[in-house]
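> With the sequence up front, the predicted model follows.
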Amino acid sequence: MLRFTPILLAVIYALVMYRVSVWRTHRELDAKSTELADVRLKRLTDRLAAALGVARIPVYIYEIDPVNGLAAPDGRIFITRGFYRKYRNGEVTGEEMASVIAHELGHVALGHARRRMLDFSGQNALRTALVMVLGRIIPVAGVWIANALTGLLAARLSRGDEYEADEYAAALLTKAGIGMGPQKSLFTKLEQLTQSRAGVSPAWLMSHPKTAERIAALDRLEARWGASR
Ligand SMILES: [Zn+2]
């Protein structure tokens, strides 16, 4: 029993950290966000809502600069002030914003938003356990290997989520009559933004798979759906 105590403590620690991080995230979002009030975007999200058969899509502006969109486990969708500014400047169209909202809705509908938080604390527990085990066998490199392994696993898991959310968004946008075009054009725009300002890539792209691969995946979907119509 004594041998397993450190692992048990690591698991308990991870569970407590999970609760704290959920609570912190919600408090931060509540304090720094306001409901989106933009007539044109509202018209677009109402079309998404109609396609889903729900009354409305709860979209909020989160007051931070990095270009990002996120979904809370409770179903609220957040667009950062920085992203919204690009829309107001005319750099990003309303339809392209709708494609981000549809992608984030995909994370909520497919249970990713909740699982991601779980994954995060699960990863911490796994990392701690691996560091303890590997660190004992290989003193210095063990820690490094443990970190690399958990990082690799996390990237694998989240990449799958992204393609699923893209596919969900593609279906929803098609049903709402908006189509997949804005999804693809937004990917290209964000990629260009990354290249023109070296090193400053939008957070939304960094946590996602390669742009070209995402567009190719959408093209394959379009071809498949087109053929079955
Ligand atoms: Zn995503």
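Perfect, thanks for sending it. Just so it is clear, the model here is predicted, and its values are computed rather than measured.
> distance between the helix or strand containing A169 and the chain's centre?
Using DSSP states H and E, the element containing A169 is helix 141-175. Relative to its chain's centre, helix 141-175 lies at 9 Å (CA atoms, centre = their mean, to the nearest Å).
> Check stretch 78-93 too.
17 Å.
> what's the pLDDT at the residue nearest the centre of the chain?
Central residue of the chain (CA atoms, centre = their mean): L70, 5.6 Å from the mean position. pLDDT recorded at L70 is 84.
> you'd agree it is up against E104?
Yes - using CB atoms under 8 Å, L70 is in contact with E104, at 6.5 Å. The C-beta positions use only the backbone N, C-alpha and C, and glycine is treated the same way.
> Give the helix, strand or coil label for the residue nearest to the centre of the chain.
Classification of L70 using DSSP: H, G, I helix; E, B strand; the rest coil returns strand.
> and L218, how many neighbours does it have?
20 (other CB atoms under 10 Å).
> Roughly how far does it sit from D166?
Noted for L218: a distance of 7 Å to D166, by CB to CB, to the nearest Å.
> tell me, how many neighbours does N89 end up with?
The number of residues near N89, taken as other CB under 10 Å, comes to 8.
> Show the pLDDT at it.
For N89, the predicted pLDDT is 93.
> For G181, which non-adjacent residue is spatially closest?
E95 (7.6 Å; CB to CB, 6 or more residues apart in numbering).
> Skipping adjacent residues, who's closest to I79 in space?
G69 (5.3 Å).
> send the alpha carbons of stretch 75-93 over as CSV?
Extracted C-alpha coordinates of stretch 75-93, given in CSV (Å, rounded to 0.1, in the frame of the first residue of the first chain):
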residue,chain,number,x,y,z
GLY,A,75,-22.2,25.6,-23.7
ARG,A,76,-21.3,29.3,-23.9
ILE,A,77,-19.2,30.3,-26.8
PHE,A,78,-16.5,33.0,-26.4
ILE,A,79,-14.9,35.1,-29.1
THR,A,80,-12.0,37.2,-27.9
ARG,A,81,-12.1,41.0,-28.3
GLY,A,82,-9.0,40.7,-30.6
PHE,A,83,-10.9,38.4,-32.9
TYR,A,84,-14.1,40.6,-32.9
ARG,A,85,-11.9,43.6,-33.7
LYS,A,86,-10.7,41.9,-36.9
TYR,A,87,-14.3,41.4,-37.8
ARG,A,88,-15.2,45.1,-37.1
ASN,A,89,-12.1,46.2,-39.2
GLY,A,90,-13.4,44.1,-42.1
GLU,A,91,-10.4,41.7,-42.0
VAL,A,92,-12.7,38.8,-41.1
THR,A,93,-16.2,38.5,-42.5
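> Please enumerate residues in contact with that stretch?
The contact list for stretch 75-93 (CB atoms under 8 Å, 6 or more residues apart in numbering) reads 29, 33, 36, 38, 41, 57-72, 94, 96-97, 100-101, 104-105, 108, 182, 185-186, 189, 204.
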